[in-house]
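*Asks:* Sequence and predicted structure below; questions after.
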Amino acid sequence: MQGMYETLLAALGAERVVPFSVGFAALVVVFALFAAIMGAVVALIMVLAERKISADIQERIGPNRVGPMGFFQTVADAVKLLTKENVLPRKADSILHYCAPTLVFTGGLLPVAAIAWSNGIVVADLNIGVLYVVGTASLGVIGRLMAGWASNNKWSLLGGMRAAGQMISYEIPNSIAILSVIVLAGTLNLQELSEAQKGGIHQWFVFRSPFAFVACLICLVSSLAEVNRTPFDLPEAESELVSGYHTEYSGIRWAIFMMSEYIGMVVVNAVAVALFFGGWNGGLPGEPLLGGWIWYLLKIAALMYCQVWVRFVLPRLRIDQLMSLCWKNLVPLGFLALLGASVQALLGPTGQHVMMVAAWLTFGGFVTLLFAAVLKTRHVPAQDGIPR
Amino acid sequence: MYLHFGAVLVFLLFSVAFVAIIYGISALFRPANPSAEKLTTYECGEIPFGGSWIQFNLRYYLIALVFLIFEVEVVFLYPWAVVLRTIGAFAFWEMIVFLAILLVGFAYVWRKGDLSWFTPSGSGHTDATFSGK
Amino acid sequence: MNAYDLAFYLIAAMALVGAAITVLSRRLVYAAFNLLLAFLGVAGLYALLAADFLAIAQVIVYVGGILVLLLFGVMLTHRIYDTTLKSVRVQPLLGGLVAAGVAVLLIRVAWNTPWNTTPELAREPTTAKIGEAFMKHYVFPFEFVSLILLVALIGAALIGRSRAPKSGNGR
């Protein structure tokens, strides 16, 4: 792990040509370029996936004209965005208008560096990995405020303020939820967090402690708010704010915002997977089949599906509901989970087994409640005579 | 350790450059036909009135203040969380005291309604009022 | 010049440029946004001094907290788009003398301090060490921080509430 760069550079025979630092910087640039291109690809796939999943949920077909299954629809969208005119309103502040997408994009891409994609595959193996991911998110907050202000537009400013207010508020429950796992694992390094969950699905923190399970739910809810997605998409609430802080953005600058949003989704889910769902471990004991990164990507994809699912099922919250959910529900609940987790961290092996059973019971209870709720909502009799 | 912070620095410089390059590529292809109408601030097709100044709900400021305190507290919790298992029960009780003191503050702001969202006009759930010139 | 020095000059330049624009800019919002560069630069310097936890804590607290608070403050100010800073020179002679005195003092301190120049010793993760220091050697100051935060929270709530129009004690 320490030697990833040394090994790679030696394999390339680079040390005979350039000093280590140059070779290292070049390698990191390659990784960063790869991450950025993958970000664009993920954005393309996710735009299509969102339209297809929403169509599925709403019993429509979705895009199906351009290419097989409408796949090239998003490619066409990308070309359109690249060749679209860039409109800079007369009253806007041109410098800040230029800088804001850069800042949001930087805030999205930086955390990618610390994520451990597989055993030993991590660009920046920081000891404070989780903290770093939380910290870099604040660049996005500033970027959104900047976009809102630079546009000199009522909707933009309002959207930027909302985005910032909501992102900072939900950072608290998110951090507390993260802490509940940190006390159990005793490390902030994303690589070591994955390693701590080796040895099968029962070693995943979400199934090892009922408190981590609660923390997991808090983390998933607040990560939705962190990336400004429904039901927390007040910053770009189209029915009231047109499209929030990027109302005055068009073409490629808007595309950068869009891309950052999807990279942000990948990042929050990657962190959630590393903390709660075993990281790059497969579900079975022993080394993960086919390489850890496949498992990691699969888990991230599953969580992203859930985020899209939630978007088309739940209505948007109101600003006062949003704030009271955060400060009056999630924060106290998070502190309780942290308290429980820190008690569990001090227990012996027997206590850990008891907690594991409790975690599975909690999980079972949660799933039962969920199904009960689903069954209850399913049989709504049609009242308007339209067959369903 | 420097190696990995170096990677972060390279990532930072890269993403600034990347956006600039993408803008550059886009500039080669895209048209530029600005007109007075097009460059007007968007306001749902209406002629914009007043400036963009909005009287924001002061709650935003209050929430940011409360957030800042909790953020500092959470930053203090991180080193504690890392060493809790190696130090043991003493660390646990120390943190209980730490949190209990802060809980007083949390209970205070909750009780006094600083966590609730309200507006001067009393409508309860808006976040800004507009004022034309 | 090796990579470490290059990184240092880059980061130091970023911090200085950010700070200079913050001080010299006549537009309030530009001053606030350029604080971002200064804060990130300081975080970078911490990272160069092998203080990994402190670097990220700097970003989280200053960029994520204090800067957002400042920007909220600026944006809540009346007529933000017209606001330019007007610096009025009062007592230029006296002010210049004080500034020069402070500068001389700072330079002397910087010059005479025996700086620790053995970075090799410190290149290991600091988070656990900080945690142990909190739990073993600095128990009382650590608890005292909590008290300070409590006072700050109550004070902030009090001041913020008195500024809000017609809020009373809020419900």
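*Replies:* That came through, no problem.

*Asks:* going forward, measure contacts and count neighbours with C-alpha atoms only.
*Replies:* Will do.

*Asks:* if I pick residue 125, what's in contact with it?
*Replies:* You didn't say which chain, so I picked chain A. Shown in contact with A:D125 (Cα atoms under 8 Å, 6 or more residues apart in numbering or on different chains): A:114-116, A:189-191, B:4.

*Asks:* my bad, chain C
*Replies:* A:127, B:1, C:50-53.

*Asks:* where's residue 77, which helix or strand?
*Replies:* Answering for chain A, as no chain was given. helix A:72-82 (DSSP states H and E).

*Asks:* should've been chain B
*Replies:* helix B:59-87.

*Asks:* and that helix, is it in reach of chain A?
*Replies:* Yes: residues of helix B:59-87 contacting chain A under Cα under 8 Å from any Cα of the partner chain: B:60, B:63-64, B:67, B:70-71, B:74, B:77-78, B:81-85.

*Asks:* will you turn those residues into CSV that also has neighbour count, pLDDT and distance to chain C?
*Replies:* CSV is the format used below for the residues of helix B:59-87 next to chain A (neighbours: other Cα atoms under 10 Å in any protein chain shown; pLDDT from 0 to 100; distance: Cα to the nearest Cα, whole Å):
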residue, neighbour count, pLDDT, distance to chain C
B:Y60, 20, 81, 7
B:I63, 23, 83, 9
B:A64, 24, 85, 6
B:F67, 24, 88, 7
B:F70, 21, 88, 8
B:E71, 22, 89, 7
B:V74, 18, 89, 10
B:L77, 19, 89, 9
B:Y78, 29, 90, 8
B:A81, 28, 88, 8
B:V82, 25, 88, 6
B:V83, 24, 87, 6
B:L84, 28, 86, 8
B:R85, 21, 85, 11
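
*Asks:* before we move on, the earlier item: hmm, the helix holding A:D77 in reach of chain B?
*Replies:* Yes: for helix A:72-82, a contact with chain B is found by Cα under 8 Å from any Cα, at A:L82.

*Asks:* pLDDT (mean, whole number) over that helix?
*Replies:* Taken as a whole, helix A:72-82 has a mean pLDDT of 85.

*Asks:* and C:D5, how many residues sit next to it?
*Replies:* As a burial measure, C:D5 scores 11 neighbours (other Cα atoms under 10 Å in any protein chain shown).

*Asks:* Let me see the backbone angles for it.
*Replies:* The phi and psi torsions at C:D5 (degrees, to the nearest 10) take the values phi -60, psi -40.

*Asks:* A:D56 belongs to a strand?
*Replies:* No: A:D56: not assigned to a strand; according to DSSP: H, G, I helix; E, B strand; the rest coil it is helix.

*Asks:* How much space separates it from A:R229?
*Replies:* As judged by Cα to Cα, to the nearest Å, A:D56 and A:R229 stand 19 Å apart.

*Asks:* What number of residues are in the vicinity of A:P19?
*Replies:* For A:P19, the tally of surrounding residues (other Cα under 10 Å) stands at 12.

*Asks:* my bad, C:L76
*Replies:* Neighbours around C:L76, by other Cα under 10 Å: 18.

*Asks:* Surely B:P34 is in a strand?
*Replies:* No: going by three-state DSSP, the assignment for B:P34 is coil, not a strand.

*Asks:* Contacts only, for it.
*Replies:* A:V87.

*Asks:* That one and chain C, how far apart?
*Replies:* B:P34 sits at a distance of 24 Å from chain C (criterion: Cα to the nearest Cα, to the nearest Å).

*Asks:* again with A:E15
*Replies:* Distance of A:E15 to chain C, given as Cα to the nearest Cα: 16 Å.

*Asks:* check which helix or strand covers the nearest residue to B:T40 once chain neighbours are set aside.
*Replies:* Closest residue to B:T40 in three dimensions, ignoring its sequence neighbours and counting by Cα to Cα, 6 or more residues apart in numbering or on different chains: A:P89, at 5.7 Å. Using DSSP H and E, A:P89 is not contained in any helix or strand.

*Asks:* B:W110 now?
*Replies:* Assigned by DSSP H and E, B:W110 falls within helix B:89-111.

*Asks:* orientation of that helix relative to helix B:59-87 in degrees?
*Replies:* With axes from the mean of the first three to the mean of the last three Cα atoms, to 10 degrees applied, the angle from helix B:89-111 to helix B:59-87 works out at 170 degrees.

*Asks:* how's chain C carved up into domains?
*Replies:* C:1-83, C:138-171 (automatic domain parsing).

*Asks:* more neighbours, A:D56 and A:R229?
*Replies:* Using other Cα under 10 Å as the criterion, A:D56 and A:R229 rank with A:R229 on top: 21 against 12.

*Asks:* For the residue nearest in space to the middle of chain B, give me its contacts.
*Replies:* The residue lying closest to the centre of chain B (Cα atoms, centre = their mean) is B:A64, at 7.9 Å. Taking Cα under 8 Å, 6+ apart as the criterion, B:A64 is in contact with A:165, A:168-169, C:65, C:68-69, C:72.

*Asks:* show me where pLDDT drops low in the chain?
*Replies:* This is for chain A. A:1-2, A:14, A:378-388 (pLDDT under 70).

*Asks:* Oops, wrong one, chain B.
*Replies:* Along chain B, the model assigns pLDDT under 70 to residues B:1, B:43-57, B:118-133.

*Asks:* now do chain C
*Replies:* Those would be C:1, C:77-89, C:116-123, C:162-171, if you go by pLDDT under 70 across chain C.

*Asks:* most neighbours, which of the contacts of C:P125?
*Replies:* Ranked by the number of neighbours (other Cα under 10 Å), the contacts of C:P125 place C:D52 first, at 26 neighbours.

*Asks:* So that residue is in contact with C:T126, correct?
*Replies:* Yes: with contact defined as Cα atoms under 8 Å, C:D52 reaches C:T126; the gap is 6.5 Å.

*Asks:* Please consider this matter closed, and thank you.
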